[in-house]
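> After the sequence you'll find the predicted model.
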Amino acid sequence: TCPASKTYYDRKRREGKGHKQALLALARRRVNVLWAMIRDGQYFHASPPVAAAA
């Protein structure tokens, strides 16, 4: 139900990947996010933080 995940999955399908390949790519992307959260000790944020202009 996540719009970002749906967009990523649809993009992979348009690139010619089958359902299973697109789903695995999405799962790999989510695992990378989980690993970064564990590594950095941070909570999930749906949108990336915006750096302030100096």
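Arrived safely.
> Okay, now the unreliable bits of the protein?
47-54 (pLDDT under 70).
> right, and V33 touches F44 too?
Yes - using Cβ atoms under 8 Å, V33 is in contact with F44, at 7.1 Å. Heads up, the C-betas are built off the backbone N, CA and C, glycines and all.
> Compare these two (neighbour count), which wins?
V33 (11 against 8; other Cβ atoms under 10 Å).
> Any buried residues in stretch 5-17, and which?
Residues of stretch 5-17 classed as buried by neighbour count (16 or more other Cβ atoms under 10 Å): 8-9, 12.
> what's next to that stretch, contact-wise?
With contacts defined as Cβ atoms under 8 Å, 6 or more residues apart in numbering, stretch 5-17 is touched by 19, 21-23, 25-26, 29-30.
> Make a PyMOL selection of whichever of those residues turn out to be buried.
Buried residues within the contacts of stretch 5-17, by 16+ other Cβ under 10 Å, are selected in PyMOL with:
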select buried, resi 22+25+26
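> So which of the contacts of stretch 5-17 is the closest to D40?
D40 has its nearest neighbour among the contacts of stretch 5-17 in R30, at 15.9 Å by Cβ to Cβ.
> Select the longest helix from this protein.
Counting by DSSP state H, the longest helix found in the chain is helix 19-40.
> what's next to that helix, contact-wise?
Contacts for helix 19-40 (Cβ under 8 Å, 6+ apart): 5, 8-9, 12-13, 17, 42-44.
> With that, I have no additional questions.
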